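K.L.:
just the structure for this:
(chains A and B)
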2 protein chains.
Amino acid sequence: MSVALLGCGVVGSQVVRLLTEQADELTARVGAPLRLAGVAVRRPQRHPDVPADLLTTDAAGLVSRDDVDVVVELVGGIEPVRGLLLTALKSGKSVVSANKALLAEDGAALAAAADESGADLYYEASVAGAIPLLRPIQQSLAGDRIVRVAGIVNGTTNFILSAMASSGANYTEALEEAGRLGYAEADPTADVDGYDAASKAAILASLAFHTRVTADDVYREGIRDVTAADIAAAKALGCTVKLLAICEQVDGAVSARVHPAMIPRSHPLASVSGAYNAVFIEAAAAGQLMFYGQGAGGPQTASAVLGDLVAAARNRVIGGRGPRDTAHAALPVLAMGDTHTRYHVALDVNDRAGVLAQVAGVFAEHGVSIATVRQEGRGSGNGEAGRDADDGAPGPKDATLVIVTHSASDAALAATVDALTGLDAVRGVAGVLRVEGLGRPVTELGGGS
Amino acid sequence: MSVALLGCGVVGSQVVRLLTEQADELTARVGAPLRLAGVAVRRPQRHPDVPADLLTTDAAGLVSRDDVDVVVELVGGIEPVRGLLLTALKSGKSVVSANKALLAEDGAALAAAADESGADLYYEASVAGAIPLLRPIQQSLAGDRIVRVAGIVNGTTNFILSAMASSGANYTEALEEAGRLGYAEADPTADVDGYDAASKAAILASLAFHTRVTADDVYREGIRDVTAADIAAAKALGCTVKLLAICEQVDGAVSARVHPAMIPRSHPLASVSGAYNAVFIEAAAAGQLMFYGQGAGGPQTASAVLGDLVAAARNRVIGGRGPRDTAHAALPVLAMGDTHTRYHVALDVNDRAGVLAQVAGVFAEHGVSIATVRQEGRGSGNGEAGRDADDGAPGPKDATLVIVTHSASDAALAATVDALTGLDAVRGVAGVLRVEGLGRPVTELGGGS
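P.N.:
All right, here's what the predicted structure looks like:
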């Protein structure tokens, strides 16, 4: 079995190492030796650990070689990778990829090319690093009806939010720390603005609901606007803030979204800290399952890549192929406005009689039911307990109203917040965050009986 | 695709229901309709929900029918099931089984029969109910080196131990409660004496270490002897008591064992309560992974069975087969005496000068290093703080020594405890429990950075 490797960075170099170190063991597991046919990189001189005769800058030439059985793609990005992988698949080569962006954008084309030639297309490493997640969804739960997949799938943002929660740092400080420690890239956009998580949500939703969901179908909010005050407000409510990817099947439609949300500190996801990932799957028969592990890192992601590589190679040795993606359900994607969520809203208000009634009236007008209200006096205008000092001079008496709603359509909630800002008594909206209980209440791991 | 079902109890009836209710969806996923060819049961009149023309008492006749593609076995026990499944596999029929006892005793014969005819043998449902575990071990981690699989794989004992911990009940009371609530069978032997967990450990160790491990290779201690005092002692140490199945690869050998153990309350397994299961897998590249969900129950186990059934049927439709079990590593199994563990030992001693020195001397003689010692005075012979009233009249002054050791061979620890009972100053051994930190210390879910 001959393997072409595209890209040899943090993950690729680990794949090379493990292929070499574990050669005998992998041969036994596959039923044939796994041989590295070539490694395509941009700058060969930067890869002294790879035998020089394997290195090439000609990726297109490498994937077209007749002796290559499996192409492992660890380059990332859409082009030129899409073309390379389509070429490989069309010529019957199996593909193992960790490229979430490409799979979320054009997984359908790749799957179609694989189906046509009977090649395998595996991409376990594209979501949640080392955690076996796609194979359980696609195979272990193949006889069940998945209703929800929800979890923490981006380590960078989880690190930043964990740091903000533990130190009280603001977003910018926590991002800088993440950068210093290697948890955030120089350009952190893909992570902090939720693009990475949205691609993963698209992949998870596609597999879980047998429906082609692309990254563009996923509602996306990042963590740039999460403030130290939001984190403190969550704490005051017994919650913590996490960036969640949530894929649900609701009334015959798919909702896929990525946004920060408050979750109860007693929820198992609340204690997933640092660069770890964890994902809950809820299925009609299986009930609630949780998968937990490291979502990134060279060796960790290489473990998932090698699992796929062994599977693809085994299939070629015994002459079969793995399960193909099915999109037969073709469910419609629910707009975010029609998705039901809960909101936490903090309002800076004038502390005078009738304000609560006015505010409650606005919620009622929009058909949004209030679950809890807490009123916090802010003393006499020093603003210390508030979120940011107001621009204008505070009145002699002001207060903060903290409201948590019941579930309502996201559109109704957004319209409610809009209308609240128009009230005379409302000095400003101090914070708005969604609140997630993630399906059935889970108060702790287990809690059976 | 034609399916023969053997057994139609709690799980089997759910399999029939899901096959019927989800018929169209399963057809789309498999690529061909899944049709129930027959259901073999002992007493057809007890199954009014199954179409009468499908019911048969002739299991041997059913598995021999030429039109059957996959046999789903949910009968349990060794005979006559072994013969039936060997017949099915030898004639090229794929087999899906939840029969942990048979797979742990004679999985090798089944795997050999499957290999010979090119049929599939799947048994995800045999371990940890709904939790996808065997497929991740065998496939997702196929390119990694698993070093440890450890967790809670028996819901009945976990329920009993959870009940003892929360209510202070003794073992007999908690077992009765488990029976009343349907968590324990009329004859609870297989669960409470650890046979069920040992079978699961054998299956896990076999797959994880590519070595044939049978239930007889697994060291086994159940929970019958866990006392309310043990639970209280664990609590005093910040621990809780769980029945653990532990499979490790140590210096080229496999250790597989089932026994109760104290684990820190901060460990994620400590909060797995009731009938839930959770398993940690530690692999060289992937690091630590956790899988969590419901380990038993009709629909939950049926979910795992159907996942296997869809996989087996898909393979037949596309003309391939799933990965076969490999036992190429053939590692030796480590005797329990040579396995390194830690002990918690509570000793009732005479409270006089020199006792601790004497006790410590016995540990030192056996090469066992002490991690912590705590001495608890018991007042003047009323024994209240002790575990059980002594038979003999207590001396004017006595005390309890609570010792936690560092890791040592189990044989050395057992010999130490033996020798301690021979000391004059030791009135009795109040409790001995192993202590497990489960590999690298894990203080909470995550804790990265």
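K.L.:
so what's the residue count around residue A:67?
P.N.:
A total of 9 residues lie near residue A:67 under the criterion other CB atoms under 10 Å in any protein chain shown. Placement of C-beta: from N, CA and C, glycine included.
K.L.:
correction: the previous question concerned residue A:410.
P.N.:
Using other CB under 10 Å, residue A:410 is surrounded by 22 other residues.
K.L.:
look up phi and psi at it.
P.N.:
When read as degrees, to the nearest 10, the backbone of residue A:410 gives phi -60, psi -30.
K.L.:
wait, what's in contact with it?
P.N.:
A:336, A:337, A:338, A:339, A:340, A:341 (CB atoms under 8 Å, 6 or more residues apart in numbering or on different chains).
K.L.:
next one: residue A:133
P.N.:
Contacts of residue A:133 by CB under 8 Å, 6+ apart are A:124, A:127, A:204, A:279, A:291.
K.L.:
top helix in chain A by residue count?
P.N.:
In chain A, assigned by DSSP state H, the helix with the most residues is helix A:298-318.
K.L.:
I figured residue A:432 hits residue A:344, correct?
P.N.:
Yes: assessed by CB atoms under 8 Å, residue A:432 is found in contact with residue A:344 at 7.2 Å.
K.L.:
which of those two has more neighbours?
P.N.:
Regarding residue A:432 and residue A:344, a neighbour count based on other CB under 10 Å identifies residue A:344 as having more, with 23 against 17.
K.L.:
shouldn't that one be within a helix?
P.N.:
No: secondary structure assignment (DSSP: H, G, I helix; E, B strand; the rest coil) places residue A:344 in strand, not in a helix.
K.L.:
before we move on, back to that, tabulate the contacts of residue A:133 (JSON lines), appending secondary structure.
P.N.:
Converted to JSON lines, the contacts of residue A:133 look like this (three-state DSSP):
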{"residue": "A:124", "secondary structure": "helix"}
{"residue": "A:127", "secondary structure": "coil"}
{"residue": "A:204", "secondary structure": "helix"}
{"residue": "A:279", "secondary structure": "strand"}
{"residue": "A:291", "secondary structure": "strand"}
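K.L.:
who in the stretch 51-200 of chain A is up against chain B?
P.N.:
A:124, A:130-132, A:135-136, A:139-145, A:155, A:159, A:162, A:181, A:183 (CB under 8 Å from any CB of the partner chain).
K.L.:
buried subset of the residues you listed?
P.N.:
A:124, A:130-132, A:135-136, A:139-145, A:155, A:159, A:162, A:183 (16 or more other CB atoms under 10 Å in any protein chain shown).
K.L.:
per-residue confidence for residue A:389?
P.N.:
If you check residue A:389, the pLDDT there is 42.
K.L.:
ignore the last one, residue A:169
P.N.:
pLDDT at residue A:169 comes out at 95.
K.L.:
now swap in residue A:32 and tell me
P.N.:
96.
K.L.:
buried among the contacts of residue A:133? Need that as a selection in ChimeraX.
P.N.:
To isolate the buried members of these in ChimeraX, using 16+ other CB under 10 Å:
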select /A:124,127,204,279,291
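K.L.:
including distance to residue A:242 and pLDDT, could the contacts of residue A:133 go into CSV?
P.N.:
Formatted as CSV, these follow (distance: CB to CB, whole Å; pLDDT from 0 to 100):
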residue, distance to residue A:242, pLDDT
A:124, 23, 98
A:127, 17, 98
A:204, 16, 98
A:279, 12, 97
A:291, 16, 97
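K.L.:
ok so, going back, report the mean per-residue pLDDT for the longest helix of chain A.
P.N.:
Mean predicted confidence for helix A:298-318 is 96.
K.L.:
so residue A:14 is in which element?
P.N.:
Using DSSP states H and E, residue A:14 sits in helix A:10-21.
K.L.:
what about that helix and chain B, touching?
P.N.:
Yes: using CB under 8 Å from any CB, helix A:10-21 reaches chain B at A:14, A:18.
K.L.:
does the helix or strand following that helix reach chain B?
P.N.:
Once helix A:10-21 ends, the next helix or strand along the chain (criterion: DSSP H and E) is helix A:23-30. Yes: using CB under 8 Å from any CB, helix A:23-30 reaches chain B at A:25, A:26, A:28, A:29.
K.L.:
buried stuff in helix A:23-30?
P.N.:
Residues of helix A:23-30 classed as buried by neighbour count (16+ other CB under 10 Å): A:26, A:27, A:28, A:29, A:30.
K.L.:
thought the fourth one was touching residue B:210?
P.N.:
By that I understand residue A:29. Yes: between residue A:29 and residue B:210 there is a contact under CB under 8 Å: 7.3 Å.
K.L.:
quick one: common contacting residues for the two?
P.N.:
The contact sets of residue A:29 and residue B:210 overlap at B:326, B:328 (CB under 8 Å, 6+ apart).
K.L.:
mind listing what the helix or strand of chain A with the lowest mean pLDDT pairs with, with the direction of each?
P.N.:
In chain A, the helix or strand scored least confidently by mean pLDDT, DSSP states H and E is strand A:370-377, which has a mean of 87. Paired neighbours of strand A:370-377 in the sheet (DSSP bridges): strand A:398-405 (antiparallel).
K.L.:
ok, now which ones touch the residue lying closest to residue A:25 once chain neighbours are set aside?
P.N.:
Distances taken as CB to CB, 6 or more residues apart in numbering or on different chains put residue B:145 closest to residue A:25, at 7.4 Å, once the chain neighbours are dropped. Residues in contact with residue B:145 (CB under 8 Å, 6+ apart) are A:22, A:25, B:249, B:283, B:284, B:285.
K.L.:
which among those residues gets closest to residue A:304?
P.N.:
Using CB to CB, residue B:285 comes nearest to residue A:304 of the contacts of residue B:145, at 9.0 Å.
K.L.:
burial check on that closest one, number of neighbours?
P.N.:
25.
K.L.:
could you do residue A:428 as well?
P.N.:
Neighbour tally, residue A:428, other CB under 10 Å: 19.
K.L.:
also residue A:106?
P.N.:
17.
K.L.:
helix, strand or coil for it?
P.N.:
Residue A:106 is classified as helix under three-state DSSP.
K.L.:
in contact with the nearest residue to it once chain neighbours are set aside, which residues?
P.N.:
In space, and not counting its chain neighbours, residue A:106 is closest to residue A:82: 6.1 Å by CB to CB, 6+ apart. Contacts for residue A:82 (CB under 8 Å, 6+ apart) come out as A:102, A:106, A:109, A:110.
K.L.:
rebuild the contacts of residue A:133 as CSV, extending it with distance to residue B:200.
P.N.:
Putting the contacts of residue A:133 into CSV (distance: CB to CB, whole Å) gives the following:
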residue, distance to residue B:200
A:124, 25
A:127, 28
A:204, 29
A:279, 24
A:291, 19
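K.L.:
of the contacts of residue A:133, which pair is most distant in space?
P.N.:
A:124 and A:279 (12.9 Å).
K.L.:
any chance of the backbone angles for the residue of the stretch 101-250 of chain A found nearest chain B?
P.N.:
For the stretch 101-250 of chain A and chain B, the shortest gap (CB to the nearest CB) falls at residue A:143, measuring 2.3 Å. Per-residue torsions, residue A:143: phi -100, psi 10 (degrees, to the nearest 10).
K.L.:
great, nothing more from me.
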